[in-house]
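J.: Next one to model:
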Amino acid sequence: MIYYLGCGERHTSHATRHTLALLRSRLEPPLSVRDRTSLDVPAQPQDFPDSPLSRAFRQPLMLGVFLPLQTGGWSQSTLPRGTDWTFDYNLELTRRAEDLGFDIAFGLSQWLPKGGFGGETHYRENFLDPFVSAVALASATRSILLLGTIHVLYGPWHPLHLAKFLATADHISGGRFGANIVTGYADTEPAMFGTVRAEHDRRYAMADEFVAIAKDLWAGEDNLTFEGDQWSLSDAYVSPRPAYGRPVLVSASGSPAGFAYAGRHSDIVFVSSPAGENFEDAVQALPEHVRQVKAAARAEGREVRVVINPTVVSRPTHAEAVAYYQAIRDHADLDSIRAFETRHAGGDSQSWQEHTAPGRAVGGHLHIVGSPEEVADQLARLHDTGIDGVQLTFYDYLPDLDQFGRDILPLLEKAGLREPVAKGTPS
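T.: I've put the predicted structure just below:
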């Protein structure tokens, strides 16, 4: 019988493993095992006035860019454009957004079979990993917050992995990094990892334990020995610790369970329009939706910022903007849209339920269409619903972002929705 103490156990019988456990129990001091209620909680990034998140929160309306890390970006249309999924394109896009004073950049995470959603555009056939991409972007930027989206319940992920990876990314970025924690709604994605999708509210309970463990590790009061419902640790520790208490934490949801999770853990909560992509319908439905999100956080003694994803379609005049918007819809990639809707219907997401097929050709949670003055006015009305920020998508990203910065951003500053940020300084 061979013992591999401290080096793993290879090809051992049950009896051998039992003997090893007895040996360890005699050789090692007893561990103080902690449970969920005794985990430490680190300071939040917004508790530090000089943190990048605090700077972003001082903006009346935060601005973010939703990166097109996937083929077709966010729009299922065949109308010609230059939007590209490659890293070089997204780096250029992120740097331009940073120069304009944008606060946040991050991308979507999905796990898809060969061909993505298909159609003429091969929608989302190529898909850069958003977590790895965000780390790379953090090393090539100076002020913008980068968020890495990650499914924490897929595969053999462990909270110790994520705590270490995020602490490292926080160090690389100077405190400008965070995680968009997602639990996955599609039944096809867990199957890729050889697992079965857990029930909707159960997933949030699992994520709650996962993140609570990571937060204790970031607090770094002592080695952590923990026995939970899903994960266990023995004398675990993470160093160096994050610069501002912990990395930024973000989540997206449209359900009470998701709002409760966000209330306990998230700094920023992404919501979709409960009334679909039509702007007028959305601004009627959003105040109550936003109220529920913020009430869940206040029940935990916390405050969160609520952000939504509009697609902005703008041209110098109203007529030109409407014509551009209609052209995008007229070129809808219907085959990819049908595949997208079939997949979405097979999941249990409580977001995006009222969106239409022509709306998916444009993309985004809601559509803001018009001249620069009309876009600025609609963003002001969106802010009036309680929305604290917008994570923008565009059809033709680089030229549309440039136009936003040139023609719309000055109007937001004039309206008091944005504080001017000098180029080259932290946002």
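
J.: Now do the same contact list for Arg197.
T.: Gly184, Ala186, Asp187, Glu189, Pro190, Arg203, Asp348 (C-beta atoms under 8 Å, 6 or more residues apart in numbering). (Glycine included, C-beta is placed from N, CA and C.)

J.: Repeat the analysis, applying 10 Å as the threshold.
T.: Counting by C-beta atoms under 10 Å, 6 or more residues apart in numbering, Arg197 makes contact with 153-154, 183-191, 203, 347-348.

J.: With Gln76 instead?
T.: With contact taken as C-beta under 10 Å, 6+ apart, Gln76 is in contact with 117, 119-121, 123-124, 328, 331-340, 357-363.

J.: from those residues, which ones fall inside strands?
T.: Using DSSP state E, no member of these sits in strands.

J.: List buried members of those by neighbour count.
T.: 117, 119, 121, 123-124, 328, 331-334, 336-340, 358-363 (16 or more other C-beta atoms under 10 Å).

J.: mind listing which of the residues you listed are in helices?
T.: Counting by DSSP state H, the part of the buried ones among the contacts of Gln76 found in helices is Ile328, Leu334, Ser336, Ile337, Arg338, Ala339, Phe340, Pro358, Gly359, Arg360, Ala361, Val362.

J.: What's the separation between the nearest residue to the first one once chain neighbours are set aside and Ala332?
T.: I take that to be Ile328. If you skip the residues right next to it in sequence, Ile328 has Ser77 as its closest partner in space, 4.8 Å away by C-beta to C-beta, 6 or more residues apart in numbering. Distance from Ser77 to Ala332, counting by C-beta to C-beta, to the nearest Å: 6 Å.

J.: Mutual contacts of these two, please.
T.: Common contact partners of Ser77 and Ala332 (C-beta under 10 Å, 6+ apart): Pro358, Arg360, Ala361, Val362.

J.: want to try a markdown table for the residues you listed, with pLDDT and distance to Asp84 as columns?
T.: A markdown table is the format used below for the shared contacts of Ser77 and Ala332 (pLDDT from 0 to 100; distance: C-beta to C-beta, whole Å):
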| residue | pLDDT | distance to Asp84 |
| --- | --- | --- |
| Pro358 | 81 | 24 |
| Arg360 | 91 | 20 |
| Ala361 | 95 | 18 |
| Val362 | 96 | 18 |
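
J.: can you pull the contacts of the residue positioned nearest the centre of the chain?
T.: Geometric centre of the chain, nearest residue: Asn180, 3.2 Å, by C-alpha atoms, centre = their mean. Residues near Asn180 by C-beta under 10 Å, 6+ apart: 106-109, 130-131, 134, 147-150, 248-252, 266, 268, 270.

J.: Can you say which of those residues are buried?
T.: Buried members of the contacts of Asn180, counted by 16+ other C-beta under 10 Å: 106-109, 130-131, 134, 147-150, 248-252, 266, 268, 270.

J.: from those residues, which ones fall inside helices?
T.: Pro130, Phe131, Ala134.

J.: Touching, the last one and Phe165? I think so.
T.: No. At 11.0 Å, Ala134 and Phe165 do not qualify as touching, with contact defined as C-beta atoms under 10 Å.

J.: so what sits against both of these two?
T.: Gly148, Ile150, Phe177, Ala179.

J.: Return the member of those residues nearest to Phe66.
T.: Nearest to Phe66 among those, counting by C-beta to C-beta, is Gly148 at 13.8 Å.

J.: Isn't that closest one up against Thr168?
T.: No. Counting by C-beta under 10 Å, Gly148 stays clear of Thr168, with 11.3 Å between them.

J.: what touches both of the two?
T.: With C-beta under 10 Å, 6+ apart, Gly148 and Thr168 have common neighbours Val135, Phe177.

J.: Okay, now the unreliable bits of the stretch 301-427 of the chain?
T.: Low-confidence segments of the stretch 301-427 of the chain (pLDDT under 70): 344, 346-355, 423-427.

J.: quick one: Ile181 is in a helix?
T.: No. Counting by DSSP: H, G, I helix; E, B strand; the rest coil, Ile181 is located in no helix; its state is strand.

J.: Surely it touches Val211?
T.: Yes. The pair Ile181 / Val211 is scored as a contact, 6.3 Å apart, by C-beta under 10 Å.

J.: Touching both of these two, which residues are there?
T.: Val152, Leu162, Leu249, Ser251, Tyr261, His265, Ser266.

J.: Who does the residue nearest to the last one when sequence neighbours are not counted form a beta bridge with?
T.: Think Ser266. The spatial neighbour of Ser266 that comes closest, neighbours along the chain excluded (C-beta to C-beta, 6+ apart), is Ser251 at 4.5 Å. With DSSP bridges as the criterion, Ser251 is bridged to Val269.

J.: now Ser251: how far from Ala260?
T.: 11 Å.

J.: Now do the shared contacts for the two.
T.: Common neighbours of Ser251 and Ala260 (C-beta under 10 Å, 6+ apart) are Tyr204.

J.: wait, doesn't the residue nearest to Ser266 sit right on Tyr261?
T.: Yes. Between Ser251 and Tyr261 a contact is recorded at 6.3 Å, counting by C-beta under 10 Å.

J.: Identify the contacts common to the two.
T.: Jointly contacting Ser251 and Tyr261 under the rule C-beta under 10 Å, 6+ apart are Ile181, Thr183, Tyr204, Ala207, Val211, Val269.

J.: sorry, back to before: return the residues in contact with the residue nearest to Ser266.
T.: Ser251 touches 179-183, 204, 207, 211, 258-259, 261-263, 265-270, 304, counting by C-beta under 10 Å, 6+ apart.

J.: same deal with Val312?
T.: So Val312 contacts 321, 364, 367-370, 375, 378-379, 390, 392-395, 400-401, 403-404, 408 (C-beta under 10 Å, 6+ apart).

J.: Shouldn't it be within a strand?
T.: Yes. Val312: assigned to a strand according to three-state DSSP.

J.: Now for the ones in helices among the buried ones among the contacts of Gln76: which two are most distant?
T.: Farthest pair in those (C-beta to C-beta) is Ile328 and Ala339. Separation: 18.9 Å.

J.: Next, please give the residue ranges for the strands of the stretch 101-250 of the chain.
T.: 104-107, 145-151, 177-182, 224-227, 232-236, 248-252 (DSSP state E, counting those that start in this stretch).
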